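Student: sequence unknown, structure follows:
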């Protein structure tokens with residue numbers, strides 16, 4: 001029987017990038033459906049008085065220099081620390097909601113995650129974002145127009161508020177039924193659930 005994994009993410013999180021790549025691998029191996037939930041990480045931090053690990057120097061040094069490269073190697077995915085980090089992801093997260101509406105969501109997510117965490121592009125720059133989307137044949141003009149629409153803005157706010165109400169304090173956060181798993185380093189538990 002197929003299981004549904006709810007995946008709350010923000011493109012600006014390197015651990016969300018690793019979780020996204022690992023989930024793609026698990027999806028090929030197990031009967032599961034991934035329900036993507038693009039949220040605004042900054043709003044989760046604000047609602048819970050949390051801060052990014054990047055704001056804690058010793059933790060940031062450990063994560064960037066050791067933990068993230070270890071998991072990238074384990075998952076066999078390319079990873080580079082983006083020199084433009086942290087990137088303002090508000091347009092990118094609205095873009096994810098617009099891409100769902102436009103029918104190019106997976107293509108969009110691949111382009112944005114890879115753009116930030118493999119190619120080290122400054123996707124906080126709308127010109128660079130536009131070029132990145134055009135390079136993978138996504139209508140950048142149409143998508144960038146969509147992110148200014150009240151409907152798309154409201155869609156992002158609604159999913160982010162849903163996340164807050166489910167007690168999320170960061171990303172990546174995943175649910176199988178009502179079981180919550182925080183962090184890409186908890187994906188072993190997700191795999192156990194899928195295999196059971």
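Tutor: Nice, I can see it. Predicted model only: the values in this text are computed from it and were never measured.
Student: pLDDT on stretch 78-96, on average?
Tutor: Regarding stretch 78-96, the rounded mean pLDDT is 97.
Student: residues of that stretch that come out buried?
Tutor: With burial defined by 16 or more other Cβ atoms under 10 Å, the residues of stretch 78-96 counted as buried are 79, 82, 85, 87, 89-96. Every residue, glycine included, has its C-beta placed from N, CA and C.
Student: Please identify the nearest residue in space to residue 97, excluding sequence neighbours.
Tutor: Closest residue to residue 97 apart from its sequence neighbours, by Cβ to Cβ, 6 or more residues apart in numbering: residue 155 at 4.3 Å.
Student: what are the ranges of the helices in the chain?
Tutor: 14-29, 41-48, 57-62, 68-75, 90-102, 105-117, 126-135, 140-146, 150-165, 187-195 (DSSP state H).
Student: can these go into a markdown table with extra columns for distance to residue 179?
Tutor: Putting the helices of the chain into a markdown table (distance: least, Cβ to Cβ, whole Å) gives the following:
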| stretch | distance to residue 179 |
| --- | --- |
| helix 14-29 | 16 |
| helix 41-48 | 19 |
| helix 57-62 | 26 |
| helix 68-75 | 21 |
| helix 90-102 | 24 |
| helix 105-117 | 24 |
| helix 126-135 | 35 |
| helix 140-146 | 34 |
| helix 150-165 | 16 |
| helix 187-195 | 7 |
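Student: and residue 7, which of the ones you listed is closest to it?
Tutor: With Cβ to Cβ, the closest approach to residue 7 among the helices of the chain belongs to helix 14-29: 6.2 Å.
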